[in-house]
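Engineer: next comes the sequence, and after it the predicted model I'd like to discuss.
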Amino acid sequence: MAANSPDLMSTIVSLCKRRGFIFQSSEIYGGLNSCWDYGPLGVELKRNVKEAWWRSMVTNRRDIAGLDASILMHPKVWEASGHLSGFSDPMVDCKKCKSRFRADHLETLEKCPKCSGELTDIRKFNLMFKTFMGALEDQSATVYMRPETAQGIFVNFLNVQQASRLKPPFGIAQIGKSFRNEITPGNFIYRTREFEQMEMEFFVPPEEDEKWYEYWREKRLQWYKDYGIKSESLRLREHEKDELAHYAKACVDVEFLFPFGWSELEGIANRTDFDLKQHSEFSGKSLAYFDETSKKHYFPYVIEPAAGADRATLAFIVDAYSREGEGKEARTVMKFHPAIAPIKAAVLPLVKKDGMPEMAEKIYYDLLDNSIKSHFDIASSIGRRYARQDEAGTPYCITVDNQTLEDQTITVRERDSREQYRTSMDSIVEVIKTKMKDATR
Ligand code: ATP
C-alpha cells in the first residue's frame with residue numbers, strides 16, 4: 001500500500017479501534033462527529049508524544065518555563081487577540097446537495113465538487129465555541145472555549161518572567177486542550193473540534209526575530225526526525241504573504257505526508273509584538289519588558305512553534321505502520337520509536353507450566369516497579385503473542401523458556417529486526433533502560 005493511499009487510512013482507523021488505540025466518542029449512541037477517545041494503547045502513545053515534547057521544550061532547557069493556564073479566560077482576551085472579529089473561516093454551501101465546504105479548500109467556487117450544483121456566496125463563520133458562565137444565560141455571561149493555548153501565555157507574560165527571572169530571549173510553553181468549531185472536521189484525529197495543542201512562545205529582542213525564527217524552524221523539524229519519522233515524509237512549507245494570519249510577519253508549516261496528502265503538523269510563526277501590545281492596550285496594564293542594561297521598556301517579538309498533540313500522534317501512527325512478508329509469514333508491525341511506543345516490553349512464558357509463569361511474573365513486576373510500562377501475555381502460541389506485540393508496537397519481547405529454569409537467562413526479541421539474544425534475568429531492567437536511553441540520544 002502506498003504511503004499516501006486512502007486504503008491505508010481505513011486500515012489504520014480499524015487497527016486503532018481493534019487494538020485499543022482510538023475509539024469513536026459515544027460510539028454506542030452512534031458517535032459524535034469528529035470526537036475521539038484514546039484507549040489503553042492510544043493514551044500511552046499520546047502521553048509519550050506530549051512528554052517527548054515537554055522534555056525537549058522545557059525539562060532539558062534552561063531558557064523555557066512551563067505554564068498551565070485555564071481554558072476559560074476573560075472575554076476581553078478574545079477581543080484583544082482579534083479572535084472575536086477575525087477568527088473565522090470562509091464557508092460555502094451547495095444549494096442542491098446541501099454539503100458544506102471551506103471556501104479556501106476548494107479549487108473552484110463555480111460549482112459543488114460533489115454534485116456540480118450551485119454554491120452560495122461566501123459567508124464568514126466564527127470558529128469559537130461559546131458558553132455561559134454562572135446561572136444567567138445572557139450576553140454579559142458569555143465566555144469562550146479557548147481556540148488556542150497561546151493567549152494564556154501572553155496574558156501571563158510578566159507573571160512568568162518575574163517569577164522565573166528569565167530574560168529575553170526566553171520561552172513559555174504549555175500543553176492543553178483547545179476548541180474550534182471547524183466547518184469541515186475529518187480525516188480521523190487530524191482535524192477535530194476538541195484537540196490538544198503543544199505551544200511555546202519564545203520572547204526575543206525585536207532585532208533578533210529573524211535569527212530565532214530560523215532556529216525554531218530547524219529545531220522543530222528535527223524533533224520529528226529524532227523520534228523516528230522518516231525524513232522523506234516531512235517537509236517545511238513557507239506561507240505566501242496572502243496566507244499569513246493578521247498578526248504574523250512570517251510563518252512556516254512542518255508538513256507530513258499523510259495518506260490524504262501533505263498536510264500541516266505544526267506551524268512556526270513570527271507573531272511580532274502584536275499580542276503583547278494588544279493586551280496592554282485592552283487591559284490598560286503594560287506588558288512591556290524592562291531591560292536592566294538599557295534601562296528601557298520594550299515589547300519583545302514572539303516566535304511561536306505551535307504543534308498539535310493529536311496530529312503528531314496520528315503522524316507517528318501512520319509513519320510506524322508497516323506490513324511485511326507474505327502469506328503465513330505476513331505481519332503488521334507498528335515501528336514506533338521506543339520512547340514513543342505505548343508498551344516498552346512484553347513478558348512471555350513459553351508454556352503455562354514448569355514454573356515459567358511464576359518466573360515471568362517476577363520479571364514483569366520488576367519492570368513495572370521500575371516504571372517500564374509492560375505487558376504480561378500467557379495466552380496462545382508464542383508466534384501469535386509476538387504478532388500481537390508487533391501490532392501494538394512493543395519494541396522488546398522477553399521470553400522465559402526451559403533454559404531460564406536452568407541458568408536464569410531469558411531471550412530478548414527485537415521487534416523490527418526480529419533478532420533474538422540471551423541475557424541474564426537479573427539484568428533485564430538495566431538492559432531495557434539502556435536501550436531506551438540509547439534511543440532518545
Ligand atoms: P489548519 O490550517 O489545519 O486549520 P491552523 O494553521 O489554523 O491549522 P494553528 O492555529 O497554527 O493551526 O494551530 C497550531 C496547531 O494546532 C496545528 O498545526 C495543528 O497541529 C493543531 N490544530 C489546529 N487546529 C486543529 C484541529 N481542528 N484539530 C486538530 N489539531 C489542530
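Structural biologist: Perfect, I can see it now.
Engineer: tell me the contacts of residue 263?
Structural biologist: Applying Cβ atoms under 8 Å, 6 or more residues apart in numbering to residue 263 gives the contacts 187, 190, 255-256. Backbone N, C-alpha and C define where each C-beta goes, glycine included.
Engineer: what is the nearest of those to residue 296?
Structural biologist: For the contacts of residue 263, the closest approach to residue 296 (Cβ to Cβ) belongs to residue 255, at 39.9 Å.
Engineer: show me the beta-bridge partners of the closest one.
Structural biologist: Going by DSSP bridges, residue 255 is paired in beta bridges with residue 235, residue 264.
Engineer: of the contacts of residue 263, closest to the ligand?
Structural biologist: residue 190 (6.4 Å; Cβ to the nearest ligand atom).
Engineer: I'd say that closest one and residue 261 touch.
Structural biologist: No: counting by Cβ atoms under 8 Å, residue 190 does not reach residue 261; the two are 10.8 Å apart.
Engineer: which helix or strand contains residue 178?
Structural biologist: Following DSSP states H and E, one finds residue 178 within strand 170-179.
Engineer: can you pull up the most central residue in this protein?
Structural biologist: With distances taken as Cα atoms, centre = their mean, the chain has residue 309 as the residue nearest its mean C-alpha position (1.7 Å).
Engineer: can you count the residues close to the nearest residue to residue 230 once chain neighbours are set aside?
Structural biologist: Closest residue in space to residue 230, ignoring its immediate chain neighbours: residue 319 at 6.1 Å, by Cβ to Cβ, 6 or more residues apart in numbering. Neighbourhood size, residue 319 [other Cβ atoms under 10 Å]: 24.
Engineer: and what of the one 5 residues further on?
Structural biologist: When neighbours are counted by other Cβ under 10 Å, residue 324 registers 13.
Engineer: from residue 415, how far out is residue 382?
Structural biologist: Distance, residue 382 to residue 415, by Cβ to Cβ, to the nearest Å: 15 Å.
Engineer: and the helix or strand harbouring residue 159, what does it pack against?
Structural biologist: In the assignment (DSSP H and E), residue 159 maps to helix 157-164. Applying 3 or more Cβ pairs under 8 Å, 6 or more residues apart in numbering; DSSP states H and E, one finds that helix 157-164 contacts strand 170-179, strand 194-204.
Engineer: residues contacting the residue nearest to residue 195 when sequence neighbours are not counted?
Structural biologist: Spatial nearest neighbour of residue 195, excluding adjacent residues (Cβ to Cβ, 6+ apart): residue 310 at 4.9 Å. By Cβ under 8 Å, 6+ apart, the residues touching residue 310 are 36, 46, 189-190, 192, 195-196.
Engineer: so which of the residues you listed belong to strands?
Structural biologist: 36, 195-196 (DSSP state E).
Engineer: so is the residue of the stretch 1-150 of the chain found nearest the ligand in a helix, a strand, or just coil?
Structural biologist: In the stretch 1-150 of the chain, no residue comes nearer to the ligand than residue 148, which is 5.8 Å away by Cβ to the nearest ligand atom. In three-state terms, and counting by DSSP: H, G, I helix; E, B strand; the rest coil, residue 148 is coil.
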